[in-house]
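Undergrad: based on what follows, work out the 3D shape:
(chains A and B)
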Amino acid sequence: MNAPASFGKSQVRVEDQRFLKGQGRYIDDVNLPGQGYGAFVRSPHAHARVLSIDTSAAATMPGVLLIVTGAEWATQKFGPLPCRSPSKVNRDGTPFKDPARQCLVHDVARYVGEPVALVVAATAAAARSAADAVLVDYETLASVTDRGRAMAAGSAQLWPEAPQNLCLDFEQGKRADVESAMASAKHVIRLDLENNRLTAVPMEPRGAIADFDRATGQYTLWNSSQNIHANRDLMAAMLRIPKDKLHHLAPDIGGGFGGKNSVYAEPIVLLYAAGKLAHPVKWVADRTEAFLTDTHGRDQHSNVALALDDTGKFLALHVHSIGNVGAACGTMGPFTPTGGSARTQGGPYAIPAILYSAQAVFTNTVQTDPYRGAGRPEAVFHIERVIEFAARKLGIDPVELRRRNLIQPEQMPYTSGIGLAIDCGNFPAVMDRVIAMSDRPGYAARVTASAAKGLRRGFAVTPYLECSGGAPQEEAQLKFTSDGIVLLAVGTHSTGMGHETALAQIVGDRLGIDLHRIHFRQGDTAATKIGGGHGGSRGIELGGCAALKAADMVIDKARTIAAHALNSRADDIAFGKGKLTDSKTGQSMTIDGVIAAAGDQSRLPAGMSVGALDSTAVFDREMFTVPNGAHACEVEVDPETGVIRVVDFWAVDDFGSVINPMLADGQVMGGIVQGLGQALLEEVVYDSDSGQALTTSLLEYALPRADHVPRMKIEFYEGAPTKRNPLGAKGAGEAGCCGASPVIVNAVLDALNDYGVTHIDMPLTSEKVWRAISAGGKA
Amino acid sequence: MAELTLTVNGNPVRSDCAPGTLLSGFLRETLHLTGTHVGCDTSQCGACTVIVDGRSIKSCTMLAHEADGASVTTIEGIANADGTLHPVQQAFRTHHALQCGFCTPGMVMASVALLARQPEPTDADVRHGLEGNMCRCTGYQNIVDAVLASAKSMKGVQA
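TA: As a prediction, this is how the structure comes out:
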C-alpha cells in the first residue's frame, strides 16, 4: 500500500481537524486536580526601591494558600535569570555586563510590571484580590526608558556595575577598510533610522502550571514555551534541581514569534510554589500582563552610511546602532541589536567593506529579546532604506541602483562584506521575477487612476537576504506500534507552523507510508533527549532533516529484516515506494510487512529484537542557510489625511526546496503582515518622563486587522536549493517580515516624492505622514 | 449564585452561576467547552466569539446571566452530527486559514454569523466583517478566501 508522494505538495494540515472543532489544548485548557491559582504582584513603577512588603491583610483573605515575596526568594539564593547571548565581548575585549536579575524583586524594581510577589489561592479571583491587597511601600527613583538618553550624563542609572547603562559595546567588520573607503568615496549617503519597539502579541497569552510530587521529588511544568529543552536545563540549574527531576512540556501553543522563547520568571516561581504546597499551581497572563512582561523586540536607532563611487557602485557600509535591551539581559540579552543585527548587514549586495557597531543599553523597560527575525529585519531595513534614499538623492532609478550592486549568481559561493558565507542564490533573477509579477507597464495608468481619487500612488521593490539560526542540533525519533502507527517525536517546536503535517510528509514520503498514520509529538523533555525548540526558522531545516535521517535509519534496518524474510542479502535489497525488493530474485516485501515482522521476534534475524526498527537520529547543522527574496508593493496615500493603504503586494522567496507550498505561503503571508504592522501601525510606547507603559492593551497597541491587509501574491524561486542540508531547504519563517517593512516604507516615500518628503520613521501613522507632507512644503 | 437556563449547541443547560460570571467563563469553566478562547480582556481580539440567538457575540463582553433563555452556539456545536466539518470549518482547512488555531474558533463563528447575514459577501465585506477578530499568524488572506469559498459552497447546498 503505497502512499502518494506528498513532498513538495500542498497537503492540508493534520492538526487542523482538532483546532477547527475547538479541540486544541492550549495552556489555559490544561487543568490538574487540586490546582491552586497564582496571581503576581507587579511593580507599578518604572524604577523604585522596595522599602517593605506587607502581606498580612492578603494572607488572611479567603482561599489564600501561599504568598511568596521577593524577600523570601532572596533567602533561597536561587540563580538569577540566565543570559545566553552569543555576543558577549566588548570591542575592547572586556566582557559585557550581565547584572543579576532575580525572578522576584527584593531590592529595586526596574520596569513597570516586574514581579514582586506571587499569591496562590483556591480560585483565580481570590488570588487576584489577595494580590491587590499586598501592600508594597516603594521609594520611586528617576527612570530612563529611551535608549537615546540611556547613556547621557545625568540619566538614571539602573545598575552600579554598568556605567552609562552600557551592556555591550559591540563591533564586527572591517573598520579600517570602511573608514578609508568612506574618506575617498565620491558619495557618502547618510540616513538615521528608527526601528520601532514591538511586541510579538501571540493571540494566546503566556501561562504555566507547575506541579510537584513529594514522594518522588519530581517537578512537572506545563508551559506555553517554545523552547522546552534548553529552558528546562536553565530553570533546573537556577532552582538547583537535577535536570531529570524537571519534566517540562508544552501543550498546543497559540502563536509565539519569539515571544515564548525566553526563560521567564513566572513559571520558575510557580515551580517553587508548587514545591512548597506539593500541589499544582496555575497562572495564565491576562493581556495587560502580556503587554507589560512579554519580551519586546526591535527598539533600535541606527546611523547608516553608504559609500558609492561615481557609477553608483557600493564601496562600503557602516551602520552604528543603539539597541535597547530593557532593564536587564533577557535570555538572549544584547544579541539582537549587536551580533543578531550584524550577521546579514549589506543584504544581497556586493559591498567590499562593511562595519557594524552597536551599543546595547539598559533602560527601565521590560527585556527585549528575539522577535520574528531578531536583527535580520533590522539589517534589511538599514540597507534597503539607505539605498532608496541614495537613489533619490543621486537621481538614479532605485531598481537600477540595486541591479548594479546585487551579488551575481556566478559569484556564488560568496562571502559577504560582513563575513556571511552565502552558498547559493540568484538574486537578480529573484528581483526580476517580482518586478515582472508587479505589472510595471500598467503602473502609469494606476497612478492616474489614484490621482483621480485625490490619492498619491507609490511603488517600491526591495530584495532581502537573511540567514537561518537557532540551536545547531536536533533529534527525531521514529517508533512503530503494533497497530501500524508510526510515532514521530522531535525536539523542534511548532507554534502554529504546521510541523505536525510537514514533518509527517517528510517521513511518510521517505518510508512510503500515509502521513495520517504518523502521530506527532513535540515539546516534551520526556519524548526526546535533545530539543532545540523554535527559533531562527529552524523547524524544517533541523527538525525536518533529523526526521529524514531517522527515516533513513529505519530503511537501513528494514533492508536487513526483508533480506532475512526473503532469504536474501541486505545489500541486494532495494527500497523504493514503500517496497523492499530483492534485485536478484525480484521478490519483494512491503514496508508494512517489515513493520509487522519487526514486532515478531521469530521473524527477525539474529542480533535484532522486537522494536528493532525504532530509530533515533541526531542531526547537526554544519552551516546556516541563506533564505532570500524580493518583495514589491504599491501603496496609495491620501495627502489630505496621511492615510496609507497598501493596495498590492508581490513576493518571490527563495527557500530552496519547499516541502509544502501551502504552509510556506502561510509563513510568508503572516510574516508580511507582521512587517506591515511594524511599518504602519505597531509601537510599544513608554512615557519618557514617568517610565509608565502606555501600550498595555489591544486598544493601544495597533495590531493589523483584515482590512489593513492587501491581497498578497507569492511565488517561490526553487532554482537554488541549498546543499547545506539533505532537504535542500532554507528557513522560511522570518522572511516575510524582513522584506515587508522596508518595501512598504519605500513605496510610501515614493508616493510622497513630489512633496519633498524623503524620510519618515516607522510606524508611518497617518499623523506622521500628514505632518511630513505639511513640513515638506511642496506640491 | 442564581439559576441560569439556556440552550448550548442544541442541548438544554440548567446551571447555578455566580452573577458576575462572563459567558466566556461559563462556557469554558462550567460547561468545559474550551474551544471558546480568551485572548484579551478588552473585547478586542474576538477569539471568544460565539453565536447567541443568531448574532455573533464576544462572549467576554456578556454576562452568562444575560444569555438566560438564549440559544448559544459555540465552535463545538457547528460540525455535522456525523462529525464532518461545517462548510466554513472545511473551507478554513482547505484554504489553510489557520496556523496556531487560537483565534480560529472565534474567527469561524464570526464568519458563520457574517455569512448568515450576508450570504454573498465581497472580499471587502469579509475584511470589514472580520475587523473585530484578530489573527497574528495568517495575515488574514487565507481566512478571507475561506469565507468567500464557503459562501459559494453553502449557496450551492441551499440551491
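
Undergrad: stretch A:330-338: end-to-end distance?
TA: 14 Å (Cα to Cα, to the nearest Å).

Undergrad: cool, stretch A:508-520 as well?
TA: 12 Å.

Undergrad: need the contact partners of that stretch.
TA: A:1-3, A:5-7, A:11, A:14, A:484-490, A:499-501, A:503-505, A:507, A:548, A:551-552, A:554-555, A:576-579, A:591-592 (Cβ atoms under 8 Å, 6 or more residues apart in numbering or on different chains). Where C-beta positions appear, they are placed from N, C-alpha and C, glycine not excepted.

Undergrad: stretch A:681-700 too?
TA: A:45-47, A:111-113, A:143-146, A:149, A:196-199, A:201, A:287-288, A:291-292, A:296, A:299, A:364-365, A:701-704, A:708, A:762-763, A:765, B:40-42, B:44-45, B:134.

Undergrad: if we use 6 Å, what do you get?
TA: Applying Cβ atoms under 6 Å, 6 or more residues apart in numbering or on different chains, the contact partners of stretch A:681-700 are A:46, A:112, A:143, A:145-146, A:196-199, A:287-288, A:291-292, A:296, A:364-365, A:701-702, A:763, B:40, B:42, B:44.

Undergrad: for the stretch 251-400 of chain A, which residues are neighbours of chain B?
TA: A:254-255, A:286-287 (Cβ under 6 Å from any Cβ of the partner chain).

Undergrad: make that the stretch 651-779 of chain A, sorry
TA: A:662, A:666, A:669-670, A:672-673, A:697-699, A:703, A:705-707, A:709, A:712.

Undergrad: neighbour-wise, give me the winner out of the residues you listed.
TA: A:I672 (31 neighbours; other Cβ atoms under 10 Å in any protein chain shown).

Undergrad: give me the distance between the two termini of stretch B:82-92.
TA: End to end - Cα to Cα - stretch B:82-92 spans 19 Å.

Undergrad: now do stretch A:118-129
TA: Stretch A:118-129: ends 12 Å apart by Cα to Cα.

Undergrad: what's the spacing between that stretch and its chain's center?
TA: 33 Å (Cα atoms, centre = their mean, to the nearest Å).

Undergrad: circling back to that earlier point, can you tell me which of the contacts of stretch A:681-700 are in strands?
TA: Assigned to strands by DSSP state E, the following of these qualify: A:196-199, A:296.

Undergrad: closest one to chain B out of these, please.
TA: A:T199 (10.8 Å; Cβ to the nearest Cβ).

Undergrad: spatially nearest residue to the closest residue to chain B within chain A (excluding sequence neighbours)?
TA: Chain B sits closest to A:G22 of chain A, with a gap of 1.8 Å, by Cβ to the nearest Cβ. Nearest non-adjacent residue to A:G22, counting by Cβ to Cβ, 6 or more residues apart in numbering or on different chains: B:G35, 1.8 Å away.

Undergrad: what residues are up against A:G275?
TA: A:F212.

Undergrad: that one should be in a helix, yeah?
TA: Yes: with DSSP: H, G, I helix; E, B strand; the rest coil as the criterion, A:G275 is assigned to a helix.

Undergrad: what residue in chain B comes nearest to chain A?
TA: Counting by Cβ to the nearest Cβ, chain B gets nearest chain A through B:G35, at 1.8 Å.

Undergrad: is that residue in a helix, a strand, or coil?
TA: Of the three states, B:G35 takes coil under three-state DSSP.

Undergrad: tell me how many other residues crowd it.
TA: 26.

Undergrad: and the pLDDT for it?
TA: Here the pLDDT value assigned to B:G35 is 98.

Undergrad: for the residues of the stretch 251-400 of chain A next to chain B, work out which two are farthest apart.
TA: A:G255 and A:D286 (16.3 Å; Cβ to Cβ).

Undergrad: compare these two and say which one has the larger neighbour count.
TA: Remark: of A:G255 and A:D286, A:G255 carries more neighbours, 26 against 18, as counted by other Cβ under 10 Å.

Undergrad: tell me if the more buried one really is in a strand.
TA: No: the assignment for A:G255 (three-state DSSP) gives coil, which keeps it out of a strand.

Undergrad: low-confidence ranges, chain B, go.
TA: B:156-159 (pLDDT under 70).

Undergrad: which one's the longest helix in it?
TA: helix B:141-158 (DSSP state H).

Undergrad: how about the CA coordinates for it, as PDB?
TA: Presented in PDB, the C-alpha positions along helix B:141-158 are these (Å, rounded to 0.1, in the frame of the first residue of the first chain):
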ATOM      1  CA  GLN B 141      -5.800  36.400   3.300                       C
ATOM      2  CA  ASN B 142      -6.500  32.700   3.600                       C
ATOM      3  CA  ILE B 143      -9.200  33.500   6.100                       C
ATOM      4  CA  VAL B 144     -10.900  35.800   3.600                       C
ATOM      5  CA  ASP B 145     -10.500  33.200   0.900                       C
ATOM      6  CA  ALA B 146     -12.000  30.500   3.100                       C
ATOM      7  CA  VAL B 147     -15.100  32.700   3.900                       C
ATOM      8  CA  LEU B 148     -15.600  33.600   0.200                       C
ATOM      9  CA  ALA B 149     -15.300  29.900  -0.700                       C
ATOM     10  CA  SER B 150     -17.700  28.800   2.000                       C
ATOM     11  CA  ALA B 151     -20.200  31.400   0.800                       C
ATOM     12  CA  LYS B 152     -20.100  29.700  -2.600                       C
ATOM     13  CA  SER B 153     -20.300  26.200  -1.300                       C
ATOM     14  CA  MET B 154     -23.200  27.000   1.100                       C
ATOM     15  CA  LYS B 155     -25.100  28.700  -1.600                       C
ATOM     16  CA  GLY B 156     -24.700  25.500  -3.700                       C
ATOM     17  CA  VAL B 157     -26.100  23.400  -0.800                       C
ATOM     18  CA  GLN B 158     -29.100  25.700  -0.300                       C
END
